[in-house]
Structure formats: structure tokens, C-alpha cells
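# just need the structure, nothing else, for what follows:
(one chain, ligands or ions: 1)
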Amino acid sequence: MYSAGIDFGGSSTKLALVGRDGRVHAFRRVAGAPGGDLDRVFAALREALAAMAAEALLEFPPPGGAGVGVAGIVDVASGRVETTGALGMEECDLRGPAERALGCRVAVESDSNAGALADLYFGAARGADDVIYVSWGTGIGAGLVVGRRLLRGRGQAIGEIGHSRVVLEDGPRCYCGCRGCLEAEAGGAAIAARGAAVLGREVTVLDVARAAEDNPACLAILEEAAACLARGLSPAIVLLNPQAVVLGGGVSRVLERPEARRAIDHHREQSLPLFARRTLTVSLSAFGDRAGAVGAALLPRHLGGEEPGHGERED
Ligand SMILES: [Zn+2]
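Presented below is the predicted three-dimensional model:
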């Protein structure tokens, strides 16, 4: 039995078919943020998912149901999106159009909560009880896991660390209404905009990372972003005292660059007390930018109270 995951991000939509043992049977990335009528968006995604299932010799619709992770604030109970930053989805029903198109039960979550499940059950945080998973993409959010369950706030906006203030002077204006937010300083959109100003053309975050090899100004952009992330995360780490911090999402790949990784390690040393550092591991997601889609596929089982990964055998 397998389930399907859909991860709506600011720059692409990711699709995954995931077996009960965590094996990713198929993965696909569709460029661009979803736009327009949601019935049409999900009809196109159904075709893509059905084709992936056919290639992997799997039945369709997915017998284990499906999950949708979205970069924004969602109401898990109703399956509605309240607001998103880069995606342009506001006050809309996501679950209804998804279930109509896919023909199976669909669970809806924030992308960072979904991503946390991938590493909690099958990745970098597998043995941990308490975890902060950071989805570092176009925007920045966190999935908080306590006692191996997702922690939820009343207003559905838990883990929105992208809107913690990391610049005390007047930073750039964030869409949330504040200035100096972590996301406006270190999110993928901010890094790409700074890279574009340095390189004189439109660039992606990975272009900036590549240019950083011989361009000190691009390297400084990455180091500053990593430093801001470390600064923004430290209050959350002190509050929750987790065993593991896992960094996922498309932008987290810049930490494969040793300079950016050093910047985050340095600021962790500077901004965390010894007692919080001693038991903490900080690692990259085992799933990279696939974590959101893989975790979304695990949502139906997590919400059903199951603990995927315990004594699983592939069927
Ligand atoms: Zn903000």
C-alpha cells in the first residue's frame, strides 16, 4: 500500500508516491507555483500522479490516501488554507477540490509540518522524540515535534519562525506587515533578490551558491542568510530543548557549501547556551527538497494515529 504526497512551494510543486516503509516509489517536480482555479490545478496533478503510478506499476487512486502540504497557514480540521505568502492562495478550500480530483481521502497540512514527518519517521530525526524541522525554501517555517507528535497551535500559525525578527534596525518590509523578519532576510526569495543585485541578472538561490565559489559578495549573501537563520532559530531551540534540528527545503542545499555551514555552526555556538547545545544535533534533511512531498504522503497515517516506520515491511 502506498500514499501520495503533494507539496505546494513558492517555486515548484513536488509530487511523491511513498510506500508504507518510507520508500519513495516515484518523485516529480513541476515548475512554478500553482495558480488559478484549484479544480483545474488538481485535475492536472491527478494526471501527473496517475502517470507516475502507472510507471511504478502501482494502482491509482492511492490506496493509502493522499496528503497536501502548502507553504502557508492551514486549518487541518477543515482542510482550508487561510493564507499563503508566495502562493497567492487565500481563504480557500483545498481538501474539497483535491478529494474530487484524486478520488481518495486527502489530508492538508503546512509544508513545514509535512516535511517534519518525513525526517521524523524515515530520515535525519528517526530516533528523536522532540524535533524542530525547518523548511527553508522561498519562505521559512518550522514543524515542531514533541513526543513524536506534531505540535499544533490554536490559530494554526504555530512554527512560523520566518516571521521572528532577526534584524533590529529597519530591515526589508515583509508581507506579514513587519520589518526585519527572518524570511525577508534569509528566505529563498531574499537570497535570489540579493544575488540578482550582485550578478546583474535574474538568478536562483543555487545560482548564487554556485557563484559564491569565486565571488566574495555572493558568498557573503549566503553567510549572512545562514547567520540570520541561526539567530532566528536560537529562541525556538532554547524554548523547546529538542534533540534534533533538521534543515530541509530547497534553500537548505546551500549548507552543502562548507562556508555557509560554518556560518550556521559559528552562530549556533554564539547564540545557544551550553546546556541547549550539548544534546542537540543539527543536520540536513535526509530528503532535501523532497521532504515536503514525502511527509505529505505520510500525513494520512500520522493523523490516523499511526507511527509509520515501526516494524514496517514493504508490501
Ligand atoms: Zn514577516
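
# report whether the longest helix along the chain contacts the ion.
The single longest helix within the chain, with elements called by DSSP state H, is helix 216-240. No. Helix 216-240 stays out of contact with the ion when judged by Cβ under 5 Å from the ion, the minimum separation being 10.9 Å. C-beta: built from backbone N, CA, C; applies to glycine.

# following the chain onward from that helix, which element is next?
strand 244-248 (DSSP states H and E).

# quick one: the longest helix of the chain to strand 244-248, angle?
Angle, helix 216-240 to strand 244-248, by axes from the mean of the first three to the mean of the last three Cα atoms, to 10 degrees: 140 degrees.

# next, count neighbours for the residue nearest to D93 when sequence neighbours are not counted.
Leaving aside its chain neighbours, D93 sits nearest to R80 (5.3 Å; criterion: Cβ to Cβ, 6 or more residues apart in numbering). Using other Cβ atoms under 10 Å, R80 has 18 neighbouring residues.

# so what's R80 up against?
R80 makes contacts with V74, E91, C92, D93, L94, R95, V108, as judged by Cβ atoms under 8 Å, 6 or more residues apart in numbering.

# out of these, which end up buried?
V74, L94, R95, V108 (16 or more other Cβ atoms under 10 Å).

# ok, now which ones touch A66?
3-6, 49, 98, 102, 104-107, 296-297, 300.

# quick one: buried ones out of these?
Buried, going by 16+ other Cβ under 10 Å: 3-6, 49, 98, 102, 104-107, 296-297, 300, out of the contacts of A66.

# out of these, which is nearest to I264?
Set against I264, the nearest of the buried ones among the contacts of A66 by Cβ to Cβ is A296 (26.3 Å).

# where's the closest one, which helix or strand?
A296 is located in helix 291-303, with elements delineated by DSSP H and E.

# what's the angle from that helix to strand 244-248?
Going by the same axes, to 10 degrees, helix 291-303 makes 130 degrees with strand 244-248.

# before we move on, the earlier item: output the buried ones among the contacts of A66 as JSON lines; include the columns pLDDT, distance to G139 and secondary structure.
Putting these into JSON lines (pLDDT from 0 to 100; distance: Cβ to Cβ, whole Å; DSSP: H, G, I helix; E, B strand; the rest coil) gives the following:
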{"residue": "S3", "pLDDT": "97", "distance to G139": "25", "secondary structure": "strand"}
{"residue": "A4", "pLDDT": "98", "distance to G139": "24", "secondary structure": "strand"}
{"residue": "G5", "pLDDT": "98", "distance to G139": "19", "secondary structure": "strand"}
{"residue": "I6", "pLDDT": "97", "distance to G139": "17", "secondary structure": "strand"}
{"residue": "L49", "pLDDT": "97", "distance to G139": "25", "secondary structure": "helix"}
{"residue": "A98", "pLDDT": "96", "distance to G139": "21", "secondary structure": "helix"}
{"residue": "L102", "pLDDT": "97", "distance to G139": "26", "secondary structure": "helix"}
{"residue": "C104", "pLDDT": "96", "distance to G139": "28", "secondary structure": "coil"}
{"residue": "R105", "pLDDT": "95", "distance to G139": "28", "secondary structure": "coil"}
{"residue": "V106", "pLDDT": "97", "distance to G139": "23", "secondary structure": "strand"}
{"residue": "A107", "pLDDT": "96", "distance to G139": "21", "secondary structure": "strand"}
{"residue": "A296", "pLDDT": "97", "distance to G139": "17", "secondary structure": "helix"}
{"residue": "A297", "pLDDT": "97", "distance to G139": "22", "secondary structure": "helix"}
{"residue": "P300", "pLDDT": "93", "distance to G139": "25", "secondary structure": "helix"}
